[in-house]
Structures are given as C-alpha cells and as structure tokens.
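Asks: This is a predicted model, with the sequence first.
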Amino acid sequence: MRELTRDDVNAAVRGGSVFASGGGGWVDHGLDIGHAALSVGRPKLVSVDELPENAVILTCTAIGAPAGRDWQMLGKDYIKAVQLVIDHYDGKIAGVMTPQNGMSSTINGWLPAAALGLVVVDATGDIRAHPTGKMGSLGLASSIDYETVQAVAGGKPELGSYIELVVKGTPARTSNVLRTASDMAGGFIAAARHPLPAKYIKEHAALGGISIAIELGRAILAAEPDGAEAVLDTIVRHTKGKIVGKGTVTKKNVSYSGAFDIGTIEVEIPGNSLILHVMNEYMAVDDRSGTRLTTFPDVITTIDLATGRPVSVGDLKEGQEIAVFAIDKSNVPLSSSVKDPSVYPEVEEVLGIDLQSYAFGKEKQVHG
C-alpha cells in the first residue's frame, strides 16, 4: 500500500494515454480529476492481495464517446455515482478500480476513493480502453446469475440534461440502460458498477494494470526532453510493442451514434495503406489488401510524430503525420472480460468485421 502522488497522476495520464487506444477520455480531464483527488484526500494504491478476500471492490468509470461535445462530468459526479451504489448496495464497499486504462480512465476511481475513504485497487477490467461496458465487466457480461448495481451521474443542469440513475439487474441489461443515459446526458457520464469481492477480482481482472500505466508514463516523461522520436522509441522498447506503420491520415470517416464514435480512419504509409476500425477505440487494423495486422485485445494507438504523444480518435485530423503502434496481447495481462465470447458480437455487428476469430485464433502476431 502506498499513497498516490502528483507524480503518479502525471505518469498515469501519460502511460494511460498509450493504453487508451484512441479513446479512454482526455488528458486534461485526467490531470484535473487526479489533482482534485490529491486536494481532498490521500488516495492509496493497494494490490488485491493486500485486501481480505471478501472485501468488496467497485468499478469506477465514465461511459460515452470521446467525440461527444455536449457532456459535463465534474469531480462531484464521479463521487456521486459511487455514493449512489453505496446507498443501494447491501454491504460495505472497501475499494475502487477502473475497467480500463486511458487518458483519463486510469484515474477514474482516485477522486471517489479520496473523498469517501476507499482504497484504489491496482487492477483493471481490461489493460486497454474498449467501447462497451461489457468488455470491462470481468467476465460477467453474459451472466444471468449475478445481480449488479450500477449508477451514473452527470450532464448539464442548465440544459436539463443532468441525470442520476441507479439500476439493478444483469450486467448486460443494465449496461445498455446506462449507455442510453450517457447519450441523454450529452454523450458522456460518470458511472460506478459491479460490487465484487476481492477474491473474484484476483481471479478475473488484469492485475497490476494501474502500476503498468504509471511505470510506462514515468519512462515517457523521462524521455520527453529528448524529443518525439526518443519518446516513440521508449514506448516501443518499454512495452515490447511494434510500429505497424508511419504515415499520413488521408481520410477520417467517423461519426457519433448513440454514445459511440463509429467508423474508419485511413492512413497512407510507404507502399501501402492502413485502415483503422473505430468504435470509440481502435478495434482492428487492416492493410490495403484486407490483411488483418492487429486486433483487440491488442493495444492499438495512434501517436503524433511531431510530439510523440498519443492522439485520440476525436482529435485525429486528416493530413496529420502519425505512427500506428500496437502491443500484442501476449505482452499484456488479459482479464476474463476480453476472453468472454459474448462481448464480441455486438461490436462485430456495428463495425461489420470479424474480431473474435482474429483475437483468439488466426491473427498474425504484430510482433512477428
């Protein structure tokens, strides 16, 4: 157990931005929420092994699409979502975790933990960011035996879009309800969900996920004075990842629909082109001939060649010079969430591509 610091906030946002895979929130939001946490308390990071097996852990997140433009999530909304679950759950909550890393999502639970006297658990529902709540639900997405409690808070009161909502039921049904609430609130909303014992987290989460992001972030911060190329080299070396290609964004065909950003991005590289399939995050990359190069749950990130910093789907622009970077799934801890076959069809249907058979079958390894 150790207290989280301002250096941890900065590093978590830098490292989390790589694992954001084109989504996972916003850098400024992550820094604001992280520093706010340190201003109201002393959040502590603990491994799941430090908690009793029956200690209940809650997942803190934000639901929506990075390109949503009319949302509002204040620090108090993150706290409120957790408090709503505490108020409607028959038991004591000991700690919080995040369902994914990201530009801000690595920080998700730090402020509620500081404000409500909880610990931050060093585990993630998925090491990288993903589009649906089911993909971070620790293998519970298709369960009809587990009754979850989920809550959201957020929106702009002056527009009449502020919502507080608590739902109980199966993870699949309640997740769909919260996605609709996010859309109604303007495109993003703070959420808390799935109270689960530490024993279950230990068996099903990507353990050490927060520390992995922080350690990568520290390496990036150390490399930044030497320029963008040094940062890119550091990211590749530290993660055992690979540059899939470097080139120019030639076409961005991504639109907002139902709290999702959906579409494709085309990148021209020497002698070829890349097609990045987007559902909030980058879910797969094909080349011009249709050969699949990398697929979720691989980490897939676009990095600005001028700055060495990851660029989200929402901020990527045509004409921008980028590197498309990937970490093979064999080089990151995988949770039960991404091994659950039930989480793939929904995304495959929206994107019109095969994910699951590539992810756990025939895919060419990006590091091979």
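Replies: Good, I have the coordinates. Numbering: from 1, shown residues only.
Asks: Once you drop chain neighbours, what's closest to Val244?
Replies: Nearest residue to Val244 in three dimensions, chain neighbours excluded: Val324, at 4.4 Å (C-beta to C-beta, 6 or more residues apart in numbering). Every C-beta, even on glycine, is put in place using the N, C-alpha and C of the backbone.
Asks: tell me the contacts of that neighbour?
Replies: 243-247, 267, 269, 274, 276, 285, 300-303 (C-beta atoms under 8 Å, 6 or more residues apart in numbering).
Asks: Which members of these occur in strands, if any?
Replies: Residues of the contacts of Val324 located in strands (DSSP state E): 243-247, 267, 269, 274, 276, 285, 300-303.
Asks: quick one: which of those is nearest to Tyr358?
Replies: Checking the ones in strands among the contacts of Val324 against Tyr358 with C-beta to C-beta, the nearest one is Val285 at 10.6 Å.
Asks: Could you give the number of residues near the closest one?
Replies: Around Val285 there are 23 other residues, counting by other C-beta atoms under 10 Å.
Asks: beta partners of it?
Replies: Leu276, Thr294 (DSSP bridges).
Asks: All further residue positions should be reported with the first residue as 8.
Replies: Yes, from this point I'll number from 8; that puts the last item at Val292.
Asks: doesn't Phe332 make contact with it?
Replies: No: applying C-beta atoms under 8 Å, one finds Val292 not in contact with Phe332, separated by 10.2 Å.
Asks: Now do the shared contacts for the two.
Replies: Common neighbours of Val292 and Phe332 (C-beta under 8 Å, 6+ apart) are 251, 307.
Asks: that older thread, quick check, the residue nearest to Val251 in a strand?
Replies: Yes: Val331: assigned to a strand according to DSSP: H, G, I helix; E, B strand; the rest coil.
Asks: where exactly do the helices run in this protein?
Replies: Applying DSSP state H to the chain gives helices spanning 13-26, 34-47, 82-95, 117-123, 178-191, 205-211, 216-230, 235-246, 343-346, 351-358, 363-364.
Asks: between those, which one is nearest to Pro106?
Replies: helix 343-346 (7.8 Å).
Asks: Which positions within the closest one qualify as buried?
Replies: Buried residues in helix 343-346, counted by 16 or more other C-beta atoms under 10 Å: 343-345.
Asks: Which residue lies closest in space to the most centrally placed residue in the chain, excluding its sequence neighbours?
Replies: For the chain, Ala136 is the residue whose C-alpha lies nearest the centre (C-alpha atoms, centre = their mean; 2.8 Å). Nearest non-adjacent residue to Ala136, counting by C-beta to C-beta, 6+ apart: Gly31, 3.6 Å away.
Asks: ditto for Val256
Replies: Closest to Val256 by C-beta to C-beta, 6+ apart is Gln327, at 4.7 Å.
Asks: my read: that neighbour touches Ile310, true?
Replies: No: under the criterion of C-beta under 8 Å, Gln327 makes no contact with Ile310, lying 10.6 Å away.
Asks: what's the overlap in contacts for these two?
Replies: Contacts common to Gln327 and Ile310, judged by C-beta under 8 Å, 6+ apart, are Val318.
Asks: Settle it for me: which of these two has more neighbours?
Replies: Per other C-beta under 10 Å, whichever of Gln327 and Ile310 has more neighbours is Ile310, with 23 against 18.
Asks: Against Trp117, how distant is the more buried one?
Replies: To Trp117, Ile310 is 25 Å away according to C-beta to C-beta, to the nearest Å.
Asks: for Glu328, same thing?
Replies: Glu328 is 34 Å from Trp117, by C-beta to C-beta.
Asks: so where's the stretch 258-375 of the chain uncertain?
Replies: 369-375 (pLDDT under 70).
Asks: give me every residue that touches the residue nearest to Val256.
Replies: 255-256, 311, 318.
Asks: Closest one to Ala235 out of those, please.
Replies: Asp311 (7.5 Å).
Asks: Show me which of the contacts of Gln327 are buried.
Replies: 256, 311, 318.
Asks: Name the nearest of these relative to Gly82.
Replies: Checking the buried ones among the contacts of Gln327 one by one against Gly82 (C-beta to C-beta), the nearest turns out to be Val318, at 25.5 Å.
Asks: okay but that closest one is in contact with Ile329, surely?
Replies: Yes: using C-beta under 8 Å, Val318 is in contact with Ile329, at 6.5 Å.
Asks: and for the two, which residues touch both?
Replies: With C-beta under 8 Å, 6+ apart as the test, Val318 and Ile329 both reach 309-311.
Asks: Point out where the stretch 58-207 of the chain drops to low pLDDT.
Replies: Checking the stretch 58-207 of the chain against pLDDT under 70 turns up 73-75.
Asks: thinking again about what came up before, give me the more crowded residue out of Glu328 and Trp117.
Replies: More neighbours surround Trp117 than the other of Glu328 and Trp117, with 31 against 12 (other C-beta under 10 Å).
Asks: Pull the number of nearby residues for the closest residue to the more buried one other than its chain neighbours.
Replies: Computed as C-beta to C-beta, 6+ apart, the closest residue to Trp117 that is not its neighbour in sequence is Ala44, at 4.0 Å. For Ala44, the tally of surrounding residues (other C-beta under 10 Å) stands at 24.
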